[in-house]
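Peer 1: Pasting the sequence and the predicted model now:
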Amino acid sequence: MVWPFADRWSEAWTFEEFLAYAGPQHRALWEAVHRLAKVPEWAVAAARALPERIRLVVLSEDWCGDAVNTVPVLAKWAAAADIPLRVLRRDAYAAVMDRYLTNGTARAIPVVIVLTEAMDELGWWGPRPRALQEWVVEQRRAGRDKKELYPEIRRWYARDKGETTLREVLAVAAGAPHTEAVPSA
């Protein structure tokens, strides 16, 4: 089935256009994560081995801590694997966002929508790698504050180097459906 928002592709920004939009208080971190990202050869090879070419639409905002840790890595991978990637701002495209709510209620980002070249939707990923999401939910249930968790979340992303995100997005591209790990935190 053709993605119901296929007409939005032409309105979506490239990663570079999204960076230019980002506020100065956020842009430096986005650029640093992108500059330091190393794309594993296995991820490029896996993308090239998919049965058909894909394209990615990312729902994001420049202020999102999870997005700044995943989207620059995805953008670098997409460029290396010749995968078209576009970004839609979550707050400017509410109708699109509302189709990809975490647990049916949360406008959690980033969301990565995997499409075929013909704009058929294969599935979606987001807003965090499954293991990290499970840990965050567990910590929140234990009463820890979101702000207290953020430094640990950043360390998780730094250790992971985007590899879990790449594996999970590739799984969607290969036909694995989106599944909710646990309720959002």
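Peer 2: Everything's here; your move.

Peer 1: quick one, phi/psi of the nearest residue to Ala6 once chain neighbours are set aside?
Peer 2: Once flanking residues are discounted, Ala6 sits nearest to Met119: 4.3 Å by CB to CB, 6 or more residues apart in numbering. Where C-beta positions appear, they are placed from N, C-alpha and C, glycine not excepted. Reported as degrees, to the nearest 10, the phi and psi values for Met119 are phi 70, psi 20.

Peer 1: now do the one 10 residues further on
Peer 2: In this entry, Pro129 is assigned phi and psi values of phi -60, psi 140 (degrees, to the nearest 10).

Peer 1: Relative to Trp3, how far out is it?
Peer 2: Pro129 sits 24 Å away from Trp3, going by CB to CB, to the nearest Å.

Peer 1: Have a look at those two and say which one is more surrounded.
Peer 2: Pro129 (25 against 21; other CB atoms under 10 Å).

Peer 1: State the helix or strand in which the residue nearest to the more buried one when sequence neighbours are not counted lies.
Peer 2: Excluding its sequence neighbours, the residue lying closest to Pro129 (CB to CB, 6+ apart) is Thr164, at 4.0 Å. Taking DSSP states H and E as the criterion, Thr164 maps to helix 163-173.

Peer 1: what does that helix contact?
Peer 2: 40, 43, 46-47, 50, 54, 56, 70, 73-74, 77, 112, 114, 122-125, 129-132, 178 (CB atoms under 8 Å, 6 or more residues apart in numbering).

Peer 1: Out of those, which sit inside strands?
Peer 2: 54, 56, 112, 114, 122-125 (DSSP state E).

Peer 1: nearest to Leu85, of those?
Peer 2: Checking the ones in strands among the contacts of helix 163-173 against Leu85 with CB to CB, the nearest one is Leu56 at 4.5 Å.
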